[in-house]
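**Student:** Give me the fold of what follows.
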Amino acid sequence: MSIALFPDLLGDEAWQRLPPAVQAMHGSVPRLQASGMADIDGDDHLPARWLRRLLGLPSPGPAQALMLIIERHGKREVWTRRFASRRMRSTLGRRTGSPLLYEQLGPARLGFALRRDGDDIDWQLRSLHVLGLPLPRALHGKLLSRSGIRDGRYHFSVDVRLPLLGQLIGYQGWLEPLPDGR
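**Tutor:** Predicted coordinates for the structure are as follows:
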């Protein structure tokens, strides 16, 4: 039997100490559907808007309805997020021998080290490839990403700022799993 992606990367001790709401979102059920809300920020200049569109990222706006479907196939997960303005799809997985979680988002592949920080998972960017080419760390910018619990619900926050571009995207909000993944 294979171990789910997030418990495997975090390690059993760290995984067991996370709240049930976090475990439910990052666990092993083959298909999970959740709904919630997200506030989305981002600079409004043309290069930021163009890059968001290229990567399939949502447009800025407050209180956007959000639907998430996670389809798990062993140590590979397909996340489809439907914000009010756009569908964002990425594939998460692990490479043999690597301690990183990889997320493929359009032409970009991000490598994250995951660590438990209290009741949260802190996603620390360690690598960035675009069209298969590694980018130097100076071009990674700042990416802050956390998933955890707030007010008893699963909560997430992401903030991406790139050199010369500014804030590409920042979004935060909450999700609740739907009964029976529907």
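**Student:** all contacts plus neighbour counts: C-alpha atoms, from now on.
**Tutor:** OK.
**Student:** For A63, what is the enclosing helix or strand?
**Tutor:** strand 61-73 (DSSP states H and E).
**Student:** partner strands of that strand, parallel or antiparallel?
**Tutor:** strand 31-41 (antiparallel), strand 76-83 (antiparallel) (DSSP bridges).
**Student:** Those strands: which one's closest to Q167?
**Tutor:** strand 31-41 (8.0 Å; Cα to Cα).
**Student:** tell me the mean pLDDT over that closest one?
**Tutor:** The average pLDDT for strand 31-41 rounds to 96.
**Student:** Using PDB, write down the CA coordinates of the next helix or strand after that strand.
**Tutor:** Using DSSP H and E, the helix or strand that directly follows strand 31-41 along the chain is helix 46-55. What follows is helix 46-55, C-alpha atoms only, in PDB (Å, rounded to 0.1, in the frame of the first residue of the first chain):
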ATOM      1  CA  LEU A  46       0.000  44.500 -18.200                       C
ATOM      2  CA  PRO A  47       3.000  42.200 -17.500                       C
ATOM      3  CA  ALA A  48       1.400  40.800 -14.300                       C
ATOM      4  CA  ARG A  49      -2.000  40.300 -16.000                       C
ATOM      5  CA  TRP A  50      -0.300  38.600 -18.900                       C
ATOM      6  CA  LEU A  51       1.800  36.200 -16.700                       C
ATOM      7  CA  ARG A  52      -1.300  35.400 -14.600                       C
ATOM      8  CA  ARG A  53      -3.200  34.400 -17.700                       C
ATOM      9  CA  LEU A  54      -0.200  32.300 -19.000                       C
ATOM     10  CA  LEU A  55       0.000  30.400 -15.800                       C
END
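**Student:** counting contacts, what elements does helix 46-55 pack onto?
**Tutor:** strand 166-177 (3 or more Cα pairs under 8 Å, 6 or more residues apart in numbering; DSSP states H and E).
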